[in-house]
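S.K.: sequence unknown, structure follows:
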């Protein structure tokens, strides 16, 4: 670990531990698959363990779905489809409003659960994930009886059974992004949560029970990539929605080729965060930190490339480094924690390898002085300077708390560098000049542009990528299209 | 043992989140369809109307400034609270409109669902009626709906509850505040609605409910310089014309009476009752030019 820069402020005082209570959540020793309104074992009886990434403690054992289970789940969803899609929109809406309300009621429990299973700080699950989850259901609930007004013609029809595969970085939020619009438009779903974060989706199954949702409308199958592949390949699935890596997204695109399955993909990114010389430095620093260290950088729309105008490079880096020394890494359940654990040993190994490669290729590595816990998966916030566009750390999605810093002189150069990537999910622009924001935004090939802010999400706002970051939009009126036969 | 004597409710106005009597001290007799006495309702005065406008104006900044999401949550909360007091409203609507229990229940159920319908509209109406405009020049150009302000609402005369909810909910969903004149003959369900509004996190003054002679209360509202719009649903043809003339003095937005009392209030509403009380604001901003920069990839 590099020494703390001399400009680092002396800590004024130490924080006392402020752990959120685990007592609010009751995790069962084992969970089955949620198919047709019932929890059942996998056909072949297989199970796998899910661990807390911050301690490596085994949290529970969940069923590992095989092809037979996927088939059973799809059949259940198919049986439920006829009645569910025939319900008046206003009735579907009321189910979704119920779900939204129950999520609000149980949000602390779910926040703690998500922090345990994912490793992200409770401050984020409590203040970002869970409020957004509830809001997403609330928003799409309201669309269920208003589809005639959505701009897709009168009485747009659902597609049928949606097979949905989601990642581990925002387990419950990604579930909400998938299930809420699917159900609002009259589809039924089979959803597979990520292998390392199955628990919140299983708790969601219980919320469906509390809401009285008809059986088979939502089916949750846990398992690894094979279950996901079986789901996307199932011949009776009408819609495939995937959030995850670009490599898997391409594989799914090949799988559905030649079928009538509608496909939406929300994949990787290498977002550029562009800071002009007239930007308010302190706010930009906060935005940069939020852009790359939110959720340990395990965010597809992370601002992982900092493009800073050359004239303010030194000043900005100085401020940024000073700010990084104040980040608190540790127990994700501690309310003062900024940086939690990396989600899995596998992801940690990937981040470590890419960071080492960055160093080997000649970029300059820096991290604040930062003690890592002895158990669990941890990676210190890391900056790379002297990065060129040819460096791996400037090209590959690292999906971790690693920021690559590049410079530019003119707005044109900033745009050219920002667009120099196969990805196109997000970008940030920091400047006081409104016309420059809009001019640069017009030229950026990315689906979400944040100006003088970063990582803002709202159920009303469409999200999704250009180029190899995928296609289709989630959120907003646009998000309905993915689940309508239009 | 003799039968227990029930406790009667004193029906009062709902203004600024409080339940005052009419400042005039007047009441009038409200009867059921068969002429049986139900209650003495406040007979509101011009002064009550003006007080209600003051309350509605005071509430406008906060309510219109609340996020659409927040307004949606509150409208949904109103539905939740109504569901819990469903029996009370079924009884009141049955008495007020001379309906059977089951017909009255259908009215109340539809009214509850109407709040849910409009709860879902709060954060969608801007996406349906607003949007970016592709002007022929280097400008960002965005049109967004905004609430017009304080809206006077003359509730339908016959549909005392479903009709009432159908005209009030769309007004406040978009961020307006309302001064509502209840059905003259059947004001009790409207006055009771105040009890639900007061316990649903709806800020005081967003909805104000007055009872009395529609013509007497509506005249000062239609002429009021601090009222931005008026919904004439509950006015007959002659009164509606008079009020529309008065409303022209400060160019209030006027929603003319539809054939309300034959209206099918149970049909799914469109967006008309919201858009009638919305302004459209268009913002321009130069986008600047970057030359031929940017990759076309």
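M.R.: Good, I have the coordinates. Here the structure is a predicted model, which means the values were calculated and not measured. Numbering: from 1, shown residues only, chains lettered A, B, ... in the order given.
S.K.: skipping its backbone neighbours, what lies nearest the closest residue to chain B within chain A in space?
M.R.: Using CB to the nearest CB, the closest approach of chain A to chain B is made by residue A:142 at 2.2 Å. Backbone N, C-alpha and C define where each C-beta goes, glycine included. Nearest non-adjacent residue to residue A:142, counting by CB to CB, 6 or more residues apart in numbering or on different chains: residue B:120, 2.2 Å away.
S.K.: show me the shaky parts of the stretch 1-150 of chain B.
M.R.: Within the stretch 1-150 of chain B, the stretches with pLDDT under 70 are B:1.
S.K.: pretty sure residue A:347 sits in a helix.
M.R.: Yes - Residue A:347 sits within a helix when classified using DSSP: H, G, I helix; E, B strand; the rest coil.
S.K.: which residues touch it?
M.R.: Residue A:347 makes contacts with A:298, A:377, A:399, A:400, as judged by CB atoms under 8 Å, 6 or more residues apart in numbering or on different chains.
S.K.: what helices and strands are in contact with whatever helix or strand the residue nearest to residue A:142 lives in?
M.R.: Using DSSP states H and E, residue B:120 maps to helix B:101-121. Applying 3 or more CB pairs under 8 Å, 6 or more residues apart in numbering or on different chains; DSSP states H and E, we find helix B:101-121 packed against helix A:89-105, helix A:130-143, helix B:68-84, helix B:86-97, helix B:162-173.
S.K.: ok, of the contacts of residue A:347, which one's closest to residue B:93?
M.R.: residue A:298 (54.7 Å; CB to CB).
S.K.: dump the residue contacts of that closest one.
M.R.: A:168, A:169, A:342, A:343, A:347, A:399, A:400.
S.K.: surely the third one forms part of a strand?
M.R.: Looking back up the chat, that one is residue A:342. No - checked against three-state DSSP, residue A:342 lies outside a strand; its state is coil.
S.K.: so residue A:248 is in which element?
M.R.: helix A:246-256.
S.K.: quick one: strands adjacent to the very next helix or strand once past that helix?
M.R.: Per DSSP H and E, the first helix or strand lying C-terminal to helix A:246-256 is strand A:262-266. Within its sheet, strand A:262-266 is paired with strand A:239-243 (parallel), strand A:470-471 (antiparallel), according to DSSP bridges.
S.K.: can you put those in a markdown table and add mean neighbour count?
M.R.: Shown next, in a markdown table, are those (neighbours: other CB atoms under 10 Å in any protein chain shown):
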| stretch | mean neighbour count |
| --- | --- |
| strand A:239-243 | 26 |
| strand A:470-471 | 24 |
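S.K.: the stretch 151-297 of chain B: strands as residue ranges?
M.R.: Secondary structure of the stretch 151-297 of chain B (DSSP state E, counting those that start in this stretch): strands located at B:177-181, B:207-210, B:229-231, B:253-255, B:278-286.
S.K.: could you list the residues in contact with the fourth one?
M.R.: Contacting residues not belonging to strand B:253-255 are listed as B:148, B:228-233, B:243-244, B:247, B:273, B:276-277 [CB under 8 Å, 6+ apart].
S.K.: what is the nearest of those to residue A:263?
M.R.: Of all those, residue A:263 sits closest to residue B:273, with 39.1 Å by CB to CB.
S.K.: just to revisit the earlier point, got the buried residues for the helix holding residue A:248?
M.R.: A:246, A:248, A:249, A:252, A:253, A:256 (16 or more other CB atoms under 10 Å in any protein chain shown).
S.K.: now do it: everything it contacts.
M.R.: For helix A:246-256, using CB under 8 Å, 6+ apart, the contacting residues are A:165, A:225, A:228-229, A:232-233, A:240, A:242, A:263, A:265, A:267-268, A:397, A:422-423, A:468-470.
S.K.: give me the buried subset of those.
M.R.: Using 16+ other CB under 10 Å, the buried ones in those are A:165, A:228-229, A:232-233, A:240, A:242, A:263, A:265, A:267-268, A:397, A:423, A:468-470.
S.K.: now residue A:141. Nearest residue, chain neighbours left out?
M.R.: If the residues on either side of it in the chain are set aside, residue A:141 comes closest to residue A:96, at 3.4 Å by CB to CB, 6+ apart.
S.K.: thinking that neighbour is in contact with residue A:145, fair?
M.R.: No - the pair residue A:96 / residue A:145 is not scored as a contact, 10.3 Å apart, by CB atoms under 8 Å.
S.K.: residue A:475 contacts residue A:180, correct?
M.R.: No - when contacts are counted by CB under 8 Å, residue A:475 is not listed as touching residue A:180 (9.6 Å).
S.K.: list the buried residues in stretch A:52-68.
M.R.: Residues A:52, A:53, A:54, A:55, A:59, A:60, A:62, A:63, A:64, A:65, A:66, A:67 are the ones in stretch A:52-68 that count as buried (16+ other CB under 10 Å).
S.K.: I misspoke; the intended subject was stretch A:84-101.
M.R.: Buried residues in stretch A:84-101, counted by 16+ other CB under 10 Å: A:84-85, A:87, A:89-90, A:92-101.
S.K.: and the residue nearest to residue A:160 when sequence neighbours are not counted, what is it in contact with?
M.R.: Residue nearest to residue A:160 in three dimensions, not counting chain neighbours: residue A:238, with 3.4 Å by CB to CB, 6+ apart. Contact partners of residue A:238, counting by CB under 8 Å, 6+ apart, are A:159, A:160, A:161, A:162, A:187, A:260, A:261, A:262.
S.K.: next, residue A:238: phi, psi?
M.R.: phi -100, psi -20 (degrees, to the nearest 10).
S.K.: still on that earlier bit, what sits against the residue nearest to residue A:141?
M.R.: A:137, A:138, A:140, A:141, A:144, A:180, A:183, A:184.
S.K.: now those in JSON lines, please, with extra columns for neighbour count and pLDDT.
M.R.: Output for those, formatted as JSON lines (neighbours: other CB atoms under 10 Å in any protein chain shown; pLDDT from 0 to 100):
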{"residue": "A:137", "neighbour count": "29", "pLDDT": "98"}
{"residue": "A:138", "neighbour count": "25", "pLDDT": "98"}
{"residue": "A:140", "neighbour count": "31", "pLDDT": "98"}
{"residue": "A:141", "neighbour count": "27", "pLDDT": "98"}
{"residue": "A:144", "neighbour count": "26", "pLDDT": "98"}
{"residue": "A:180", "neighbour count": "28", "pLDDT": "98"}
{"residue": "A:183", "neighbour count": "28", "pLDDT": "98"}
{"residue": "A:184", "neighbour count": "28", "pLDDT": "98"}
